[in-house]
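In: sequence and predicted structure are below.
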Amino acid sequence: MTDQQELSGYVDVWWQAVNDFTDLLEELDPADWARPTDLPGWDVKAVASHVAHLESILAGNPEESADVGQPDHIASPMGIYTEIGVVTRRDADPDAIINEIRAAATARHTRLLDDPPTDGSAKPEPVFGGVPWDWRTLLRNRPLDVWMHEQDVRRAVDRPGGMDSPAARHTAEYLAESTGYVLAKRLGADPGTSVVLEMEGSAPFAFTVNDAGRGERLADAPADPTVLLRMDREAFIRLAGGRCDPEPGTVHVDGDQDLGRRLMDALATTP
């Protein structure tokens, strides 16, 4: 697969994720926009505003500025940046936010189709917040961000769904790739320690800690791993997204129970 084919695939998944997200927002009642999400300090409107902000910047609109104050839920410079989009849209009505997402995403989608990136390691312009991402990282992250926020909204308004979409699979499998890093670096597991993640809807993910102390993905799952984690896609997303606990009975741990519990506690790799 060429870089252009890979990147175009990410664009297709992001575009579908944007449409799914805005379709969901269209279904909401006015009261739904004020419902709190699993993200501290953010209600549904804040989540939608954040997506509108990033898509607007990526479409080429000017960077925004605002005094965000010192809310308790902000813990990093990127948190300050993402809060700007929430503050600047505080007085916007829901339809305006939905229309902004659609207009910005459509403009960007058209540009990406007309002039598709061909080098995944090249630097795109613009990138929000000055993050030092290349094309591959940016385009791979956008479906993840939009779909994760779709799920934030779905949980807040009690409208489950979207777990079988291309963006759902993309996000789950992208996050699953970090399991080896969590095992080796966050938990400091000994060389030779292995974990297999069996996630519904995807092929198994297998990792070991190599002699250099790094998480290494294995082509084939060992027959007797140190830990075997079995769960559905939503349970994994909740763990890896650091949002909320999985529903009871959706996660099963075989093998080293203590390491398995610590691994699940450390899986969160998204802010």
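Out: Sure, I can see it.

In: C-alpha from now on. contacts and neighbour counts both.
Out: Fine.

In: quick check, Ala221 in contact with Ala203.
Out: No: Ala221 lies out of contact with Ala203 (C-alpha atoms under 8 Å); the separation is 10.2 Å.

In: more crowded one of those two?
Out: The neighbour comparison of Ala221 against Ala203 (other C-alpha atoms under 10 Å) goes to Ala221, with 18 against 10.

In: which residue is the nearest non-sequential neighbour of that one?
Out: Ala206 (5.2 Å; C-alpha to C-alpha, 6 or more residues apart in numbering).

In: ok so that neighbour is a strand residue?
Out: Yes: assessed with DSSP: H, G, I helix; E, B strand; the rest coil, Ala206 lies in a strand.

In: neighbours around Val127, how many?
Out: Using other C-alpha under 10 Å, the number of residues around Val127 comes to 18.

In: so what's it closest to, chain neighbours aside?
Out: Going by C-alpha to C-alpha, 6+ apart, Val127 has Leu58 as its nearest residue, at 6.1 Å.

In: quick one: the helices in the stretch 51-200 of the chain?
Out: 77-88, 94-114, 135-157, 166-176, 179-181 (DSSP state H, counting those that start in this stretch).

In: deepest of those helices, which one?
Out: helix 179-181 (a mean of 24; mean count of other C-alpha atoms under 10 Å).

In: elements contacting that one?
Out: Where contact means 3 or more C-alpha pairs under 8 Å, 6 or more residues apart in numbering; DSSP states H and E, helix 179-181 is packed against strand 205-209, strand 215-218.

In: how far does stretch 126-146 sit from its chain's centre?
Out: 11 Å (C-alpha atoms, centre = their mean, to the nearest Å).

In: who's in contact with it?
Out: 7, 10-11, 13-15, 17-18, 21, 51, 54, 57-60, 63, 78, 81, 117, 119-124, 167-168, 170-171 (C-alpha atoms under 8 Å, 6 or more residues apart in numbering).

In: distance of the residue nearest the centre of the chain from Tyr174?
Out: Centroid-nearest residue in the chain: Leu144, 3.5 Å away (criterion: C-alpha atoms, centre = their mean). Using C-alpha to C-alpha, to the nearest Å, Leu144 is found at 8 Å from Tyr174.

In: for Asp67, what are its contacts?
Out: By C-alpha under 8 Å, 6+ apart, Asp67 lies in contact with Ile84.

In: kindly report the same for Leu58.
Out: Counted by C-alpha under 8 Å, 6+ apart, Leu58 has contacts 104, 108, 125-128.

In: for burial, what's the neighbour tally of Tyr10?
Out: Applying other C-alpha under 10 Å, I find that Tyr10 has 21 neighbouring residues.

In: look up phi and psi at it.
Out: phi -60, psi -40 (degrees, to the nearest 10).

In: and the gap between it and Asp114?
Out: Tyr10 is 15 Å from Asp114, by C-alpha to C-alpha.
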